[in-house]
Structures are given as C-alpha cells and as structure tokens.
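Colleague: what would the 3D arrangement of this be:
(2 chains)
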There are 2 protein chains.
Amino acid sequence: MMNGIPTHIGIIPDGNRRWAVSHGYQKKDGYKHGLEPALRLLRAARNHGVKELTYYGFTADNCKRPKEQVEAFSEACEQAADIIKREGAALNVVGNIQSPCFPKSLLPYTYRRTEGNKMRVNLLVNYGWEWDMKNGWASHDIPRMELIIRWGGMNRLSGFLPIQSVYSDIYIVNDLWPDFREEQFENALKWYRKQDVTLGG
Amino acid sequence: MMNGIPTHIGIIPDGNRRWAVSHGYQKKDGYKHGLEPALRLLRAARNHGVKELTYYGFTADNCKRPKEQVEAFSEACEQAADIIKREGAALNVVGNIQSPCFPKSLLPYTYRRTEGNKMRVNLLVNYGWEWDMKNGWASHDIPRMELIIRWGGMNRLSGFLPIQSVYSDIYIVNDLWPDFREEQFENALKWYRKQDVTLGG
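Modeller: Numbers count the residues shown, from 1 in each chain, chains lettered A, B, ... in the order given. Below is the predicted model of the structure:
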C-alpha cells in the first residue's frame, strides 16, 4: 500500500442482468454494457497508482445458466481481455481451462508474466472456488487483495478468491455495474483510507 | 433455511478493545464485557429457530498481542464455553490445539458431536485460516454459514472460515460488540430475508 492507495483491488461487477431487465432488454444483453465500465475503472485505478486489479468475470457455476446468457458473458470476457491488452496492461486469465465453458481464445493468457512496469490485470474466467481449492490453491499466483469493491448492492463474496480475500476490506456500491461512475471508485478509495488495516493482528 | 431464517449464522464479535478504551478501561478489560452479549445472542438465535451458531473467539495471530490481552481473551473464551454448555447447546471448539495458546480446559470439546436436537454452537479458539487450509480444511465439520453478522463497523472477514463463508451474506453492525442489543440481531435477520440468495448460480 502506497499513500493509502491499495496495491491490489478486486472488482465484483454485479448487476448486469438486473440493469438489462430494468432497461427493457433481455438479461443476456446486460453484459456488453459492462465493458465500458471495466475500461473506465482500469484507467481510473491506473491514474491513482493502483498496481493490480482482479475482475470477477464469470464462474463455473454461472455456466449452468441459459445458453444465450453463457454465450453473452463469455463473449464479454473475450472483449474485456482485448480491452485490457489494448490498454497495455499485463493480462492474466485465471480459471478452469479443462471445461468446454472456457473460451479457447483466452488460453494464451493463462500464465502470469512480469512485463516491466505494466499494471497487472487478472480476469477470472470459468473460475470456481471449489476448483481453486481442489487444485491445491490453483490461483496462488494472484496476491492478496487489500480492497474489494462490489457493485449491485449485495454484501457477499460469492466465491471470489477465498484465500486472497481473507483480510480484504469490502466496499459495496448499491448501483448496478453498467451504471459505473468514476465517483463510486473514488468513494471506495476514500473509505478504504479510513479503515484501520490490521491483517488479523 | 426455514421461513427465511438462516440455519447457521457466523458471529464476529469485534470492538471489545475499542469499547474498553472509550469507557476508560484498559484494552484487556473489554473481553469480559463480551460474555453477556454472547449469551443473549445465543438465546435470541434459539428463539428464532436458528440451528447453529459459530462465534469467532480468537485467532493464532491474536496471540501475538500483549500477554495481558492474550490471557484476558483466553479466559473469556473458557467462560464462553461454560455459558454455552450451561445453555444446553452442543459445543464444538475448533482451532489449533498444538500450540501453547490453546487453553487446555477446552480440549474435551474439540470434537463435533450430535446431541439429539440440541442447538449447535461452534467456538473458534486459536483458529487460523492458514492452519485450517494447510491441514486439508481442518474445520470441514463446520457447515456453510448463510449469514455472518459482524459488530464493530468493519466490513471484512479477517480470516473467518474462508470456505464456509464463500456464499455468506455479511451484515455489519456499527456498534461495538459489548454494546450488543437484541434489536441489532433482529435487524440482521430482517435484512437477510430481503437478500436474493443464489449460492453462486
């Protein structure tokens, strides 16, 4: 942590389907409206000196949803990967690659690399906490998150990296993810600065 | 879950030291003021039909604190165990027994038992998430928690049962634990009933 800015922030971009329904769209149409927020958040975080971001893309459990939704969030994750690369960040995709639900186009990014001073961005794709634990902590390359920001109003982790989140401060934004505004992120950073971080001591 | 009442609730009773300081006591004197709240919460939960409670007693990391504090929270946990037994609940103490910080008087309660229809109460004593994980999920006898209630205003898990908390809804009480009131517990139950529980689906 530098100057009260967390080194590594986890992002739970929840509420895409609720947003779609409330705007008269089909549920599956919500995901693509979450892409521009992901780009704007990445830039805001980089401007603040955040070194690493982890986005909760989709989980193995999410793949049990109707086919058109699965296709829509898989495609959104592939596009998110493109956006992250285009921004010049070091992309690391983490999830169970041995299942048909993992998009093959993302296979080249499933190894953590050091790329100079680039910002690191991890994208969880077909991730599952059970898969993570059963494989001897498969996600261990991802370091601990000091701050987790969740959009969509729920105060829960929903299986998001159980080990890396043990000491995370959790900030909840009531707005849905497609309604992302930079101000919400700023408020999360301000709130975090006021927390008394003890790391279990 | 029955009638919107969670089967199993986790309790993080934080704020004893802050409460002590704000009342002009030494930090170590806060813990004993957390005992009556633990009893009143147990009774309130039982009255609502909650089948199982897990109290976050103290952690292996907490044992690095000044000696008088370690003695005070160890003693408070031994007294809490007495209170739980006296209430007729099935007590299960979970933590690393192979360390001098584990109170020997609690050794007889480190096995989960079925005792008829008794309410189950788990007490984490000298618990550590690293110990839990390194020992192949040592706490696996404790089932998943639907709801976690944390007193003291922080929104974080602080290493509390990483696997059992993956889908838990987390309710934060801003008051400190020694200022427990039944109304806070009632509000947590009301809040929980309004959550859309999806278990990752």
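
Colleague: mind checking which helix or strand the residue most central in space within chain A is in?
Modeller: Nearest to the mean C-alpha position of chain A, by CA atoms, centre = their mean, lies A:Tyr55 at 1.2 Å. Taking DSSP states H and E as the definition, A:Tyr55 sits inside strand A:52-59.

Colleague: just A:Tyr25 next, same as before
Modeller: For A:Tyr25, there is no helix or strand it lies in under DSSP H and E.

Colleague: so where's chain A shaky on pLDDT?
Modeller: For chain A, the stretches flagged by pLDDT under 70 are A:1-2.

Colleague: which bits of it sit near chain B?
Modeller: For chain A, the residues in contact with chain B (CB under 8 Å from any CB of the partner chain) are A:59, A:61-62, A:64-65, A:129, A:133, A:137, A:154-159, A:162-163, A:165-172, A:195-196, A:198-201. Yep, even glycine has a C-beta here, placed from its N, CA and C like the rest.

Colleague: filter the residues you listed to the buried ones?
Modeller: Among the residues of chain A next to chain B, those classed as buried by 16 or more other CB atoms under 10 Å in any protein chain shown are A:59, A:61-62, A:65, A:129, A:133, A:154-159, A:162-163, A:165-172, A:195, A:200.

Colleague: tell me the helix or strand right after the helix or strand hosting A:Val21.
Modeller: Using DSSP H and E, A:Val21 maps to helix A:16-22. Downstream of helix A:16-22, the first helix or strand assigned by DSSP H and E is helix A:35-47.

Colleague: in terms of secondary structure, what does that next one contact?
Modeller: strand A:8-13, strand A:52-59, helix A:67-86, helix A:182-193 (3 or more CB pairs under 8 Å, 6 or more residues apart in numbering or on different chains; DSSP states H and E).

Colleague: any idea which of those is most buried?
Modeller: Of the helices and strands packed on helix A:35-47, the one with the most neighbours on average (mean count of other CB atoms under 10 Å in any protein chain shown) is strand A:8-13, at a mean of 25.

Colleague: can you list the strands that that strand pairs with?
Modeller: Strand pairing for strand A:8-13, determined by DSSP bridges: strand A:52-59 (parallel), strand A:147-151 (parallel).

Colleague: neighbours around the closest residue to A:Arg18 other than its chain neighbours, how many?
Modeller: Closest residue to A:Arg18 apart from its sequence neighbours, by CB to CB, 6 or more residues apart in numbering or on different chains: A:Leu176 at 5.6 Å. Neighbours of A:Leu176 under the rule other CB atoms under 10 Å in any protein chain shown: 24.

Colleague: my read: A:Leu176 touches A:Ile12, true?
Modeller: No - the criterion here is CB atoms under 8 Å, and A:Leu176 misses it with A:Ile12 at 11.9 Å.
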